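**Q** predicted model, plus sequence, below.
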Amino acid sequence: MPDGINLAVLIPWVDTRFRDIVTAVEDQSIAGPKRTRLDAKTALELVRQVRFSSGRLEIDLCPDATSKRLEAKHVLDPDALRITMPFTDRRRGVEMKLISGKGTTGIDQRLLTNVALANRWYQQLKTGHSFDEIASEAGTSKRRVQQIVELAFLAPDIVRDITKGLQPTGLTSDWCLRHALPAEWQAQRKRIATL
């Protein structure tokens, strides 16, 4: 495995594949094994090999360990013992994050709420309210209002992606509050594409 990748990221994928195998075994026999979630230690014991190539991750499960865990003598389909998925990696300093599939996170309710707040507060500013008044009414700090209001200037396509949960995984409320986004929409798109 590449340096800096935590084996724990494999656990959900191994658990899901094992549950698929359990379902297939249950379909073949009357008394199949119990459907239980794998704990981290057991999931990692099932992993025989992990291979990375450009944009692709393969995890091979150990046939003997998997059969033993099934508590049954079944011939396991070799294809069922291989997990293959596309991924991208995002690096920030020494940190590396694996993002499976297209690299989107789904709807981030907190980010969506903050974008809506930003637009509401921006409208209040346009009608003459001060940052202090908005902060007092919202029960937050003036600085927080100033940070959130910046989200009102996101490019429309970025906002659309946020409402559909199609934003990059790195685009979170926390990230937006820690980093100033450029005012120009094309520059925003380029900056967000690196997340």
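**A** Thanks, I have the structure now.
**Q** now the residue in the chain sticking out farthest from the centre: how far from Ile134?
**A** Distance from the centre of the chain peaks at Gly128, with 39.6 Å (CA atoms, centre = their mean). For Gly128, the distance to Ile134 equals 11 Å [CB to CB, to the nearest Å]. C-beta coordinates here come from the backbone N, C-alpha and C atoms, glycine included.
**Q** could you identify the helix or strand that succeeds the least confident helix or strand in the chain by mean pLDDT?
**A** The least trusted helix or strand in the chain, going by mean pLDDT, DSSP states H and E, turns out to be strand 95-100, with a mean of 58. Later in the chain than strand 95-100, the nearest helix or strand by DSSP states H and E is helix 109-126.
**Q** off-centre distance for stretch 174-190?
**A** Distance, stretch centre to chain centre, for stretch 174-190: 20 Å (CA atoms, centre = their mean, to the nearest Å).
**Q** and it, how far apart are its ends?
**A** The straight-line separation of the ends of stretch 174-190 (CA to CA, to the nearest Å) is 19 Å.
**Q** begin at 51 from here
**A** That works, and once the first residue is 51, the last one we named lands at stretch 224-240.
**Q** other residues contacting that stretch?
**A** Residues outside stretch 224-240 that contact it (CB atoms under 8 Å, 6 or more residues apart in numbering) are 161, 164, 197-198, 200-201, 203-205, 207-208, 241-242, 245.
**Q** next step: those restricted to helices.
**A** If you go by DSSP state H, the contacts of stretch 224-240 have Leu161, Asn164, Gln197, Ile198, Asp207, Ile208, Arg241, Ile242 in helices.
**Q** what's the distance between the closest residue to the second one other than its chain neighbours and Trp171?
**A** The shortest distance from Asn164 to any residue that is not its chain neighbour, by CB to CB, 6 or more residues apart in numbering, is 5.0 Å, and that residue is Ser223. If you measure Ser223 against Trp171 using CB to CB, the figure is 15 Å.
**Q** now do Pro218
**A** 25 Å.
**Q** can you map out the helices along the protein?
**A** Going by DSSP H, the chain shows helices at 61-78, 90-96, 113-120, 159-176, 181-188, 192-199, 206-214, 223-228, 235-243.
**Q** adding mean pLDDT and distance to Ile133, write those helices out as JSON lines.
**A** Output for those, formatted as JSON lines (pLDDT from 0 to 100; distance: least, CB to CB, whole Å):
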{"stretch": "helix 61-78", "mean pLDDT": "72", "distance to Ile133": "5"}
{"stretch": "helix 90-96", "mean pLDDT": "83", "distance to Ile133": "11"}
{"stretch": "helix 113-120", "mean pLDDT": "82", "distance to Ile133": "12"}
{"stretch": "helix 159-176", "mean pLDDT": "94", "distance to Ile133": "30"}
{"stretch": "helix 181-188", "mean pLDDT": "95", "distance to Ile133": "46"}
{"stretch": "helix 192-199", "mean pLDDT": "94", "distance to Ile133": "40"}
{"stretch": "helix 206-214", "mean pLDDT": "92", "distance to Ile133": "27"}
{"stretch": "helix 223-228", "mean pLDDT": "87", "distance to Ile133": "30"}
{"stretch": "helix 235-243", "mean pLDDT": "90", "distance to Ile133": "28"}
